[in-house]
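Trainee: 3D model of this:
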Amino acid sequence: MKFLKGFLLDLQFFTAIPIRFELPMDIPHLKSAVQAFPLVGLLQGGIYASLFYVLTEYTPLSTLAIAFFLWLMSILLTGGIHLDGWMDASDAYFSYGDQPKRLEIMKDPRTGAFGVISVIVLLSCRFLFIYEITENVQVVSYWMIAAIPFLSKSVMGVLLLTVKSAKNEGLGALFQSAATIKVLWIYPFYFSAILGLMTFVDNGFFLLSILIVIACASLLVCRRKAVSWFGGITGDVLGAAVEGTELFLWMTLWLLHYFAMA
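Mentor: Residues are numbered from 1 along each chain as shown. Next up is the predicted model:
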């Protein structure tokens, strides 16, 4: 029951799925919420893959239209919360100020020019990758699409509990104050279960292993840059890490359709 409530907390915070009742915000439930991060990503990915499959197999829509609706769902389902972090972190980084100045910029509710430019580039690249994946879709493609948010949310959880907080307030500090790295014991179990499932999908184990390697590389980069650029993690930095990781994973899947899935 506690784990379920933690999962529902994640849905309230990180998706636009309506959860209309109040949930406890105490330490045990926040710990469970951190443990459930990958499952929230898996739910998101399942929605993306299901929509993609239905549009591809059961509608007369063009490749362009299918790609557009999948791209749009990737924005709407999260309510733009991670994109907001991407824009705020971009504004802060491209200010070329010191760490205190960057943290101050991220607290500013206004969006600057660099934030707007960065989100246009991010979403444009994502649309390109989705469109060309749609043109070359295979059965395993649906499974890989489902894995992308699962991996990005896993990266978010590890970052949250392995990198110091840059400030003592905000969403990142809230979760970090309630959990320790020990709660991540369940993440390897998730990965083992998903990899085991992928052995029954043609090329699934191999392709998912590549995505996991890319996600791990993204984690290492995000850990280093979060400290050097911002002095640690914040809610905005975590959101930017999720979006950046997903961009690299979409790009990897796009490239795999040319070189490993042709």
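
Trainee: Could you point out which residue ranges in the stretch 151-262 of the chain have low pLDDT?
Mentor: Along the stretch 151-262 of the chain, segments meeting pLDDT under 70 span 170, 262.

Trainee: try 80 this time
Mentor: For the stretch 151-262 of the chain, the stretches flagged by pLDDT under 80 are 167-179, 260-262.

Trainee: so where do the helices sit in it?
Mentor: 171-178, 186-198, 204-230, 235-259 (DSSP state H, counting those that start in this stretch).

Trainee: okay, these in CSV with mean neighbour count next?
Mentor: No exception for glycine: its C-beta is placed from N, CA and C like everyone else's. What follows is the helices of the stretch 151-262 of the chain, written out as CSV (neighbours: other C-beta atoms under 10 Å):
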stretch, mean neighbour count
helix 171-178, 19
helix 186-198, 14
helix 204-230, 17
helix 235-259, 22
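
Trainee: Now render those helices as JSON lines, adding distance to residue 30.
Mentor: What follows is the helices of the stretch 151-262 of the chain, written out as JSON lines (distance: least, C-beta to C-beta, whole Å):
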{"stretch": "helix 171-178", "distance to residue 30": "4"}
{"stretch": "helix 186-198", "distance to residue 30": "15"}
{"stretch": "helix 204-230", "distance to residue 30": "21"}
{"stretch": "helix 235-259", "distance to residue 30": "14"}
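
Trainee: Out of those helices, which is closest to residue 88?
Mentor: Minimum separation from residue 88 across these (C-beta to C-beta) falls at helix 235-259, 4.3 Å.

Trainee: Residue 233 and residue 40: what is the separation?
Mentor: 18 Å (C-beta to C-beta, to the nearest Å).

Trainee: wait, which of the helices of the stretch 151-262 of the chain is closest to residue 113?
Mentor: Between the helices of the stretch 151-262 of the chain, helix 235-259 lies closest to residue 113; by C-beta to C-beta that is 16.9 Å.

Trainee: remind me which residues of the stretch 1-150 of the chain are low pLDDT?
Mentor: 1, 96-97, 108.

Trainee: Would you check how far apart residue 252 and residue 95 are?
Mentor: 30 Å.

Trainee: can you check residue 141 too?
Mentor: 39 Å.

Trainee: The two - which one has more neighbours?
Mentor: residue 141 (21 against 15; other C-beta atoms under 10 Å).

Trainee: Surely the more buried one is in contact with residue 133?
Mentor: Yes. Using C-beta atoms under 8 Å, residue 141 is in contact with residue 133, at 6.1 Å.

Trainee: ok, back up a step: who's more crowded, residue 233 and residue 40?
Mentor: Using other C-beta under 10 Å, the more surrounded residue of residue 233 and residue 40 is residue 233, with 29 against 25.

Trainee: So for stretch 156-175, what gets flagged as buried?
Mentor: 156-161, 163, 165-167, 170-173, 175 (16 or more other C-beta atoms under 10 Å).

Trainee: circling back: between the helices of the stretch 151-262 of the chain, which one is closest to residue 106.
Mentor: Judging the helices of the stretch 151-262 of the chain by C-beta to C-beta, what sits closest to residue 106 is helix 235-259, at 4.8 Å.

Trainee: host element of residue 45?
Mentor: helix 37-58 (DSSP states H and E).
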